[in-house]
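> got a predicted structure here, sequence first:
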Amino acid sequence: MKKLIFSFLLVICLSIAAIAQMKEGKISYERKINMHRFITDPEMKARIPEFRTDKFELLFTEQASLFRTVVDDEAPDPFANNGGDRGGGPRFMMRMPETSTYTDIATQMQYESRAMFEKTFLVIDSMKQNKWKISGETKTIAKYLCKKATTMVAAPQQVRMRFGNGPRSEEDTAAAPKPKEVELVVWYTEDIPVSVGPDNYAGLPGAIMEVDTDNGSNVIVATEVSTKFPKKELVQPTKGDKMNRAQFQDAMKKIMEDMQRGGGMGGFRIGRGGN
């Protein structure tokens, strides 16, 4: 009996040690965006749900990581029927762009593949270096004990749009507000001692399990962790128009301006209700 108990305790201890030393695997995430926070037009707000939820996964080893979109073709589009019962008014159909971000941990370089507006962009640049402030707060996420860290990041711009082809209002023609900083709160676990995280966030002594931008505006949270993952798929993307991060931001700014002038916006497409 004593040998049996000892063997049982040994297995438990080894399992705990294995979890504590996990240095490669897969973390599944869910991202929830508050769409209404980025929109100024009241009519547009009334035609789309307040939140958009998407799934991602992070494949990682001690040498590299790959954060990518998980496409669920069977998931219903929450935007598909908006406006359909409003006399043929415009409706918004969301096409979330597929992205994948590969990080070479040794060189601190990132390769971001972004399929947007029927084009593929390959953004190659060094990792952003955030100034993290670590606190003593802790909480459990996906069964892992996590610590809190914060930093400041530039706030996303609000979207100014109008319906129809009428003259622009004063709000439409007003200059875009100057960028301001918002707080970014992350929770990381030292039980996965690899400096990785969702999107392009990293630089902490453990895997980032949650990212909260601007107090709930954009939240990415880990839902599951697994030691099993397709290692062959952890590869650097190579296709797309190559540019650095600043050039990509300039390209997106121009595309957004063109889309707004033409009656569309970003990942949205404007159609007619019932079509």
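Right, received. Where do you want to start?

> strands along the chain, start to end?
25-34, 51-60, 64-69, 90-94, 98-104, 109-116, 119-126, 133-141, 144-154, 181-189, 207-213, 218-226, 241-243, 268-272 (DSSP state E).

> any regions of the protein where pLDDT drops low?
Where the chain drops to pLDDT under 70, the residues are 1-21, 73-96, 157-179, 262-275.

> nearest residue to the middle of it?
Centroid-nearest residue in the chain, with CA atoms, centre = their mean: residue 199, separated by 5.4 Å.

> surely it touches residue 213?
No: in this structure, residue 199 is not within contact of residue 213 by CB atoms under 8 Å, at 9.9 Å. All C-beta atoms are positioned from the backbone trio N, CA, C, and that covers glycine.

> which one of the strands of the chain lies nearest to residue 41?
Ranking the strands of the chain by their distance to residue 41 (criterion: CB to CB) puts strand 90-94 first, at 11.1 Å.

> contacting residues around the residue nearest to residue 34 when sequence neighbours are not counted?
Computed as CB to CB, 6 or more residues apart in numbering, the closest residue to residue 34 that is not its neighbour in sequence is residue 217, at 5.3 Å. Residue 217 makes contacts with 33, 34, 37, 38, 156, 182, as judged by CB atoms under 8 Å, 6 or more residues apart in numbering.

> from residue 97, how far out is the closest residue to residue 241 other than its chain neighbours?
Residue nearest to residue 241 in three dimensions, not counting chain neighbours: residue 121, with 5.4 Å by CB to CB, 6+ apart. Separation of residue 121 from residue 97 (CB to CB, to the nearest Å): 10 Å.

> partners of residue 222 in the sheet?
On the basis of DSSP bridges, residue 222 takes part in beta bridges with residue 29.

> got a list of what it touches?
Per CB under 8 Å, 6+ apart, neighbours of residue 222: 27, 28, 29, 141, 142, 144, 209, 210.

> how far away is the residue lying closest to the fifth one once chain neighbours are set aside from residue 31?
This means residue 142. Among residues not flanking residue 142 along the chain, residue 222 sits closest, at 4.5 Å (CB to CB, 6+ apart). As judged by CB to CB, residue 222 and residue 31 stand 11 Å apart.

> which non-adjacent residue is nearest residue 63?
residue 105 (5.8 Å).

> er, residue 243 I mean
Nearest residue to residue 243 in three dimensions, chain neighbours excluded: residue 123, at 6.1 Å (CB to CB, 6+ apart).

> tell me if I'm right that the one you found and residue 116 touch.
No: Residue 123 lies out of contact with residue 116 (CB under 8 Å); the separation is 11.0 Å.

> noted, bye for now.
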